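I need the structure of the sequence given here:
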Amino acid sequence: MVTCIRLVIASPSDVAPERDAVVKVASELNRLLGRANDFAIDVYRWETDSGPSFHAEGPQGKIDEDLAIADCDIMVAIFWTRFGRSILAGSETGTEHEINLAFENWKKNGKKPRILIYFKREAPDWDRIDDAQIDRVKAFQGQFRPGGKYQEGKYSHVRHHRRFQGQASGPSRPGPAEGPSQPECGNDAREVNPSDEAWL
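Residues are numbered from 1 along each chain as shown. Just a heads-up that it's a prediction; the model follows:
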């Protein structure tokens, strides 16, 4: 019987290549390891798995429902220079909301979803940066330090954002919940960038 691993991607709009890379890595894992080990990673993201429709809780409520964020097995969140648009004035952004949904579920059961959060460190075009957005990214990153909202998690520097490749390849493989380990390296270096990583 094949075990389906539900992976949800969460991010603002400035990391589209990284979002595509997550899909590519999941496809590679399915082809190279999944068939032989009876697992399949199903990737969900709003671009392909949620469509326009009325919802009592607005557009974000529709995305939450379509992606079943609270019930995913793995969440991969990626940030660079943007934190995203607030759902309501002064409220959390869509990406932040999705991470918090996953985080609350993780706190309840202590097992899933496995949340991997990456901060891209490639230098941006500073003339096009929204200072308020990047300040929010930095503030969020600080929430993984002692005293922060997500202090239960771990925080480290890794070579690139595809570390989850080694974490997603089966239930028996040690993962972030057991503590830091050496990052797994992908084969296509042009698709990855140095990043910081936080995980729960």
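
switch to C-alpha atoms for all contacts and neighbour counts from now on
Will do.

can you tell me how far V25 sits from V43?
10 Å (Cα to Cα, to the nearest Å).

those two: which is more packed in?
Shown here are V25 and V43; by other Cα atoms under 10 Å, V43 has more neighbours (22 against 18).

where does the residue lying closest to the more buried one once chain neighbours are set aside land in three-state SS?
Residue nearest to V43 in three dimensions, not counting chain neighbours: L7, with 4.8 Å by Cα to Cα, 6 or more residues apart in numbering. Following DSSP: H, G, I helix; E, B strand; the rest coil, L7 is assigned to strand.

neighbours of L7, just the number please.
Counted with other Cα under 10 Å, residues neighbouring L7 total 26.

from what I can see it touches S27, true?
No - using Cα atoms under 8 Å, L7 makes no contact with S27, being 11.8 Å away.

tell me the buried residues in the longest helix seen in the chain?
As assigned by DSSP state H, the longest helix anywhere in the chain is helix 94-109. By 16 or more other Cα atoms under 10 Å, the buried positions in helix 94-109 come out as 94-103, 105-106.

what sits in contact with each of L7 and S27?
Taking Cα atoms under 8 Å, 6 or more residues apart in numbering as the criterion, L7 and S27 both touch I41.

so V76: helix, strand or coil?
strand.

you'd agree it is up against D20?
No - V76 is not in contact with D20 according to Cα under 8 Å; the separation is 11.9 Å.

okay, the two: which has more neighbours?
A direct count of neighbours by other Cα under 10 Å for V76 and D20 places V76 higher, at 23 against 12.

does V8 touch I78 like I think?
No - between V8 and I78 there is no contact under Cα under 8 Å: 11.3 Å.

can you find the helix or strand of this protein with the lowest average pLDDT?
helix 164-167 (a mean of 44; mean pLDDT, DSSP states H and E).
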